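In: task: produce atomic coordinates for the following.
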Amino acid sequence: MRCAISRLGIERRLTTRSRRAGRCRVDRGDEVSSRAVARAIRAVAIVALLSVAGCVHRTAGFPPPQSSELPCRQIDPPDAPRPEWIAPANPDMRARLSKWCATVGPVYVVATPRAVAQQPIDRLAIVSWNIHEGRGDVDELVRRLRQGEFTDGEPVAHFVLLLQEAIRRDSRVPSSVPRGYPSPRRIEGPSGLPGDVVHRFADNGFAVLYAPSMRNGTNGEIAEDRGNAIVSTLALREPTLIELPLERQRRVAIVSGVEGKSRSGRRWHLGLVDVHLDTALALFHGGPFEARRRQASALVDALRSRADLNDAEGAAIVAGDFNAWRGSGEPAVKLLREEFTDPIDSTDAPTWTGPLGLHARLDGIFMRGLMKRSRVARLPSRFGSDHYPLLTVVEF
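Out: Residues are numbered from 1 along each chain as shown. This is a model prediction of the structure:
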């Protein structure tokens, strides 16, 4: 299958602030010194931000149960298609991951949407977005996407959302955490927004694949977990879950495929990978960017086992929040670009904004097997999240 990317109706404007008016003359040495101090303050702020992100409470522990007994390896509902699991081979790492795994609920799979597409499909929108633990207004994004606000006024009938930091509230999430097991602090979205994206979209008739990576809160709080979710108007095929090497927190990449038939009668298949790499600095384990490089390397190795992602006539999209503080210079990003080599037109504008004026291009979309040069657009609003959604439209 060969695909093309349509031209998106989004004008990206990068504003620059002029500081000429009223600018004081300063000694060159003082100016350089001031810039150095500013850079140092910014670096310290980033380190501090990463250090507190997803704080984990730990106490003395005990041996974890077998992985087959863990809640995260179960399926809800029980008769849903069972995903293939790919996990690190190292026994010690598996034991550590199993403690994280014991604190969350089962994988949630609704493989088929309520309305099955009967008409030919020539066009599919793909959105990648970190929704900041339910703070992002996904319903508003979908409404404006369907109306064609981001696609030159042409309404979007079919789309796939690759979401990170989705929240699921469920009675099957363990109500308490065993002593010594990791329990990240709870992050709650605005009270006006329903936090459980996973069940809400399934109830609204979408296909949903959700794999929790970690718990959302400690004992005594609401039983929630958070992780990656794929939400689709098309059926989700051959789900695969990739447990990445544990660095600071457990991360699970989710893989699936969608397919259809174009108006020309050609059948097409598109592999989709939803990723959220760790924020770990790994200062004493290879350097500040080595943790994500290790996770990206494990991801690439695992994806090579999927025939539909490596077929010469197939196409694949890998997207998510890569926590790439160095942007395109991050080793994890370079590794993914070497594997998913399709050229991409995109803005260098930041995809994340934080406190103290911090900003970075943490998110990205990588592609392989597409006929024409791809275009990825940053949407004009964060919709309540701290990340901007990224959009690309594939034409078959």
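
In: pretty sure residue 182 contacts residue 214?
Out: Yes: the pair residue 182 and residue 214 qualifies as a contact (C-beta atoms under 8 Å) at a distance of 7.1 Å. In this view, the C-beta of every residue, glycine as well, is placed from N, C-alpha and C.

In: identify the contacts common to those two.
Out: The contact sets of residue 182 and residue 214 overlap at 100, 103, 249-250 (C-beta atoms under 8 Å, 6 or more residues apart in numbering).

In: out of the residues you listed, who's nearest residue 328?
Out: Sorting those by how near they are to residue 328, with C-beta to C-beta, puts residue 249 at the top with 24.5 Å.

In: just the helices in the chain please.
Out: Assigned by DSSP state H, the chain shows helices spanning 28-52, 91-101, 138-147, 197-203, 290-303, 307-310, 331-339.

In: pLDDT on the first one, on average?
Out: Spelled out, it's helix 28-52. The average pLDDT within helix 28-52 is 48.

In: hmm, back to that, which of the shared contacts of residue 182 and residue 214 fall in strands?
Out: Using DSSP state E, no member of those sits in strands.

In: from the residues you listed, which two are the most distant?
Out: 103 and 249 (11.4 Å).

In: which one's more surrounded, these two?
Out: residue 103 (25 against 17; other C-beta atoms under 10 Å).

In: tell me who's in contact with the more buried one.
Out: With contact set as C-beta under 8 Å, 6+ apart, residue 103 has these partners: 174, 177-178, 181-183, 214-215, 225.

In: got those as CSV, with pLDDT and distance to residue 260 columns?
Out: Formatted as CSV, the contacts of residue 103 follow (pLDDT from 0 to 100; distance: C-beta to C-beta, whole Å):
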residue, pLDDT, distance to residue 260
174, 90, 39
177, 86, 42
178, 85, 45
181, 92, 43
182, 91, 41
183, 84, 42
214, 95, 34
215, 92, 37
225, 93, 32
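
In: which of the residues you listed are buried?
Out: 174, 177-178, 181-183, 214-215, 225 (16 or more other C-beta atoms under 10 Å).

In: and the residues you listed as CSV, adding distance to residue 204?
Out: Shown next, in CSV, are the buried ones among the contacts of residue 103 (distance: C-beta to C-beta, whole Å):
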residue, distance to residue 204
174, 27
177, 31
178, 35
181, 34
182, 32
183, 31
214, 26
215, 26
225, 21
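
In: now that residue 386 has come up, it's in contact with residue 352, right?
Out: Yes: using C-beta under 8 Å, residue 386 is in contact with residue 352, at 5.9 Å.

In: okay, and the common contacts of these two?
Out: Common neighbours of residue 386 and residue 352, counting by C-beta under 8 Å, 6+ apart, are residue 130.

In: hmm, back to that, which one of the buried ones among the contacts of residue 103 sits closest to residue 358?
Out: Nearest to residue 358 out of these is residue 214 (C-beta to C-beta; 23.4 Å).

In: the closest one against residue 227, yeah?
Out: Yes: Residue 214 is within contact range of residue 227, at 7.1 Å (criterion: C-beta under 8 Å).

In: what touches both of these two?
Out: residue 104.

In: contacts only, for residue 97.
Out: Residues in contact with residue 97, defined by C-beta under 8 Å, 6+ apart, are 87-88, 243, 246, 250.

In: how does it look with 6 Å?
Out: 243, 246, 250 (C-beta atoms under 6 Å, 6 or more residues apart in numbering).

In: just the buried ones among those residues, please.
Out: Buried subset of those (neighbour count, 16+ other C-beta under 10 Å): 243, 246, 250.

In: for the second one, list the residues it contacts.
Out: The neighbours of residue 246, taking C-beta under 6 Å, 6+ apart as the test, are 93, 96-97.

In: now flag whichever of the contacts of residue 97 is closest to residue 369.
Out: For the contacts of residue 97, the nearest to residue 369 is residue 243 (25.7 Å; C-beta to C-beta).

In: for residue 101, what are its contacts?
Out: Going by C-beta under 6 Å, 6+ apart, the list of residues near residue 101 reads 70, 72.

In: try 10 Å this time
Out: Shown in contact with residue 101 (C-beta atoms under 10 Å, 6 or more residues apart in numbering): 64-65, 67, 69-73, 87, 94, 181, 212-214, 243, 250, 252.

In: equivalent analysis for residue 257, please.
Out: Each residue near residue 257 by C-beta under 10 Å, 6+ apart is listed here: 234-240, 269-273, 306, 308-309, 314, 316.

In: how about it: what's its closest non-neighbour residue?
Out: Once flanking residues are discounted, residue 257 sits nearest to residue 237: 4.3 Å by C-beta to C-beta, 6 or more residues apart in numbering.

In: same question for residue 226.
Out: Nearest one to residue 226, counting by C-beta to C-beta, 6+ apart, is residue 216 at 4.5 Å.

In: ok, residue 300 next?
Out: Distance criterion C-beta to C-beta, 6+ apart; nearest residue to residue 300, sequence neighbours excluded, is residue 339 at 5.0 Å.

In: thought residue 332 was touching that neighbour, still the case?
Out: No: applying C-beta atoms under 10 Å as the test, residue 339 and residue 332 come out as separate, 11.1 Å apart.

In: okay, these two: which has more neighbours?
Out: More crowded of residue 339 and residue 332, by other C-beta under 10 Å: residue 332, with 26 against 17.

In: so for that one, what's the pLDDT?
Out: 97.

In: so how far is residue 214 from it?
Out: Using C-beta to C-beta, to the nearest Å, we find residue 332 at a distance of 20 Å from residue 214.

In: quick revisit: in this structure the residue nearest to residue 257 contacts residue 109, no?
Out: No: the criterion here is C-beta under 10 Å, and residue 237 misses it with residue 109 at 11.5 Å.

In: now for the two: what residues contact both?
Out: Shared contacts of residue 237 and residue 109, defined by C-beta under 10 Å, 6+ apart, are found at 81, 207, 256.

In: isn't the first one up against residue 239?
Out: Spelled out, that is residue 81. Yes: shown here, residue 81 and residue 239 form a contact pair, counting by C-beta under 10 Å, at 6.3 Å.

In: now the common contact residues for these two.
Out: In the contact map built from C-beta under 10 Å, 6+ apart, the residues linked to both residue 81 and residue 239 are 75, 109, 111, 209, 256.
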